[in-house]
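**Q** pasting a predicted model and its sequence here:
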Amino acid sequence: MTTLDSLTTGAQVGAVLPLLTAVVQRPAWSAKAKKIVAVVAAVVAGVLTVAADGGLDQLQHGSLTAATILGVLAASQTSYDLVWKPSTLAPVIEALTTKKSPQQAE
């Protein structure tokens, strides 16, 4: 896998990552907590992307792995800010996947 392939795949994964992250995040969480979850998710997704494209041996190439992780992170933050947040889809997913307490359900 080349660095360009890695960045392209990372950008594709990052573009949909905010929707997957929204399943885990909760509306009541602080902005800092949400950012931590988003960054951790991008790192995990970047490593998984490298491993899925070229096997675990590809993780030996630090620059390739770093480029993929940064590509996923940049694409996920950009797509969230420009597409998913304004469309309200990510916030709706957060709300739908949040369990309501018995008092909130009434």
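**A** Yep, it's here.
**Q** C-alpha from now on. contacts and neighbour counts both.
**A** OK.
**Q** which helices and strands sit right next to the longest helix belonging to the chain?
**A** Counting residues, the longest helix in the chain under DSSP state H turns out to be helix 31-54. Counting contacts by 3 or more Cα pairs under 8 Å, 6 or more residues apart in numbering; DSSP states H and E, helix 31-54 is packed against helix 3-24, helix 62-79.
**Q** pLDDT wise, what is Trp84 at?
**A** Note on Trp84: pLDDT of 89.
**Q** number of residues surrounding the nearest residue to it once chain neighbours are set aside?
**A** The shortest distance from Trp84 to any non-neighbouring residue, by Cα to Cα, 6 or more residues apart in numbering, is to Ala90 (5.5 Å). Per other Cα atoms under 10 Å, the neighbour tally for Ala90 reads 21.
**Q** gap between the residue nearest the centre of the chain and Val83?
**A** Geometric centre of the chain, nearest residue: Leu17, 3.4 Å, by Cα atoms, centre = their mean. To Val83, Leu17 is 12 Å away according to Cα to Cα, to the nearest Å.
**Q** equivalent analysis for Ala74, please.
**A** Distance from Ala74 to Val83, by Cα to Cα: 14 Å.
**Q** neighbour count: these two, which is higher?
**A** Ala74 (18 against 15).
**Q** I'd say that one and Gln12 touch.
**A** No: using Cα atoms under 8 Å, Ala74 is not in contact with Gln12; the gap is 10.8 Å.
**Q** in this structure, which helix or strand is least confident?
**A** Of all helical and strand segments in the chain, the minimum by mean pLDDT, DSSP states H and E falls on helix 102-105, at a mean of 53.
**Q** list the helices and strands the helix or strand containing Ala90 packs on?
**A** Using DSSP states H and E, the element containing Ala90 is helix 89-96. Contacts defined by 3+ Cα pairs under 8 Å, 6+ apart place helix 89-96 against helix 3-24.
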